[in-house]
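[1] what's the 3D shape of this:
(4 chains)
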2 protein chains.
Amino acid sequence: MFITIDEADARPIYVQVAGEIKALIARGELAEGAQLPPVRQLAADLGVNLNTVATAYRELQGEGLVQIRHGAGAVVASRTAQAKSEEELRKPLRAALTGLVLAGLPRVEIMNLVQSELRALLKGAK
Amino acid sequence: MFITIDEADARPIYVQVAGEIKALIARGELAEGAQLPPVRQLAADLGVNLNTVATAYRELQGEGLVQIRHGAGAVVASRTAQAKSEEELRKPLRAALTGLVLAGLPRVEIMNLVQSELRALLKGAK
DNA sequence: GTATGGTGTATAGTAACAACGTACAATTCA
DNA sequence: TGAATTGTACGTTGTTACTATACACCATAC
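    Sure thing, here's the model as predicted:
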């Protein structure tokens, strides 16, 4: 599994793990029905506690992206998350763009960044 | 001061406050040199403790956006934040776009969202 | 100059959270 | 059935978010 955790990232480890798995699902590297690695294995790979990974899996299940079965593993359930309000979708985008603007990036450069990230995400998509 | 805090938002209050002030600075509604409201006043407006607002101000100072003067207030110091690494800039953007993709939005709709948010941010900008 | 009111700061307490270690429970399959 | 594999529950520890209260700095009037 191609996941790393970033010490410098202030977000909790389980949020980082869930976030990376979301990205893998979004770009199709984890297809619907695909098995996630066992919590112990991924935890060992990352050097964290198995419960930390389990918490990430439960978060993904809460968003409808993963189905966990006690005793058997966890599988990707869907490539579309539960519906969120428009504002919930806009808020993180606004925050990210604000950061780019405050970093002094000109508009065109920001649009380039967006397009490059979006291309990567939609690569294996549909 | 036109700031609200969102109960549904999982982020800490002080992060939300700092984020909204960043947006105000980015779009020029708080110009360089402008006074921020006293921590007690903003805290009272929001119904939180003054230390919570003070923590937000210190975060902004840490990013170089605000200058705090003990005993006199806090003023906007700059419209450009301290340099971050490219990865630090890309990561929140990637997370936001991942959310939009998983929500099932088609590419064009995502680009429309981005452009609308960016327009709003760059309104009073340059 | 110093008194006063306004400003940010420091400290200590409480509650919730993140991460961990260990033990438990459900599933699979030989 | 029983052993291996998988997720879950629980208790502990350290950290974080928020609060209340007391302190320190600054500007201004007098």
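[2] How is A:Ala8 assigned, secondary-structure-wise?
    Following DSSP: H, G, I helix; E, B strand; the rest coil, the label given to A:Ala8 is coil.
[3] Not counting its neighbours along the chain, what's nearest it?
    Distance criterion C-beta to C-beta, 6 or more residues apart in numbering or on different chains; nearest residue to A:Ala8, sequence neighbours excluded, is B:Glu88 at 8.0 Å. The C-beta positions use only the backbone N, C-alpha and C, and glycine is treated the same way.
[4] what about stretch A:31-51, near DNA strand C?
    Yes: counting by C-beta under 7 Å from any atom of the strand, contacts between stretch A:31-51 and DNA strand C involve A:47-51.
[5] okay, now the nearest residue to A:Val66 once chain neighbours are set aside: neighbour count?
    Among residues not flanking A:Val66 along the chain, A:Leu60 sits closest, at 4.0 Å (C-beta to C-beta, 6+ apart). Neighbour count of A:Leu60, defined by other C-beta atoms under 10 Å in any protein chain shown: 24.
[6] Please, which helix or strand holds A:Leu60?
    Per DSSP states H and E: A:Leu60 is located in helix A:50-62.
[7] Around DNA strand D, pick out the residues from chain A.
    A:36, A:38-41, A:50-51, A:54, A:57-58, A:68-74.
[8] let's see 10 Å
    Contact residues (C-beta under 10 Å from any atom of the strand) of chain A with DNA strand D: A:10-12, A:35-43, A:49-51, A:53-55, A:57-58, A:61, A:66, A:68-75.
[9] secondary structure element for the residue nearest to A:Ala8?
    Counting by DSSP H and E, B:Glu88 is part of helix B:86-102.
[10] Now that helix - C-alpha only, CSV.
    What follows is helix B:86-102, C-alpha atoms only, in CSV (Å, rounded to 0.1, in the frame of the first residue of the first chain):
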residue,chain,number,x,y,z
GLU,B,86,5.2,23.5,-2.9
GLU,B,87,4.0,20.4,-1.2
GLU,B,88,2.5,22.3,1.6
LEU,B,89,0.6,24.4,-0.9
ARG,B,90,-0.6,21.4,-3.0
LYS,B,91,-1.7,19.2,-0.1
PRO,B,92,-4.8,21.1,0.9
LEU,B,93,-5.7,21.7,-2.7
ARG,B,94,-5.5,18.0,-3.4
ALA,B,95,-7.6,17.2,-0.4
ALA,B,96,-10.3,19.7,-1.4
LEU,B,97,-10.4,18.5,-5.0
THR,B,98,-10.5,14.8,-3.9
GLY,B,99,-13.6,15.7,-1.9
LEU,B,100,-15.2,17.2,-5.0
VAL,B,101,-14.4,14.3,-7.2
LEU,B,102,-15.7,11.8,-4.6
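[11] Can it be said to contact DNA strand C?
    No: against DNA strand C, helix B:86-102 shows no contacts by C-beta under 10 Å from any atom of the strand, the least distance being 15.7 Å.
[12] Pull the residues that contact the helix or strand following that helix.
    Using DSSP H and E, the helix or strand that follows helix B:86-102 in sequence is helix B:107-122. With contact meaning C-beta atoms under 8 Å, 6 or more residues apart in numbering or on different chains, helix B:107-122 is reached by A:89-90, A:93-94, A:97-98, A:101, A:107, A:110-111, A:114, A:118, A:122, B:23, B:26-27, B:97, B:100-101, B:105.
[13] and helix B:107-122, average pLDDT?
    Mean pLDDT, computed over helix B:107-122, is 94.
[14] orientation of it relative to helix B:86-102 in degrees?
    130 degrees (axes from the mean of the first three to the mean of the last three C-alpha atoms, to 10 degrees).
[15] now helix B:107-122: how far from the chain's centre is it?
    The chain centroid and the centroid of helix B:107-122 are separated by 18 Å under C-alpha atoms, centre = their mean, to the nearest Å.
[16] ok so, going back, could you list every helix and strand in contact with the helix holding B:Glu88?
    When contacts are defined as 3 or more C-beta pairs under 8 Å, 6 or more residues apart in numbering or on different chains; DSSP states H and E, helix B:86-102 sits against helix A:13-26, helix A:86-102, helix A:107-122, helix B:107-122.
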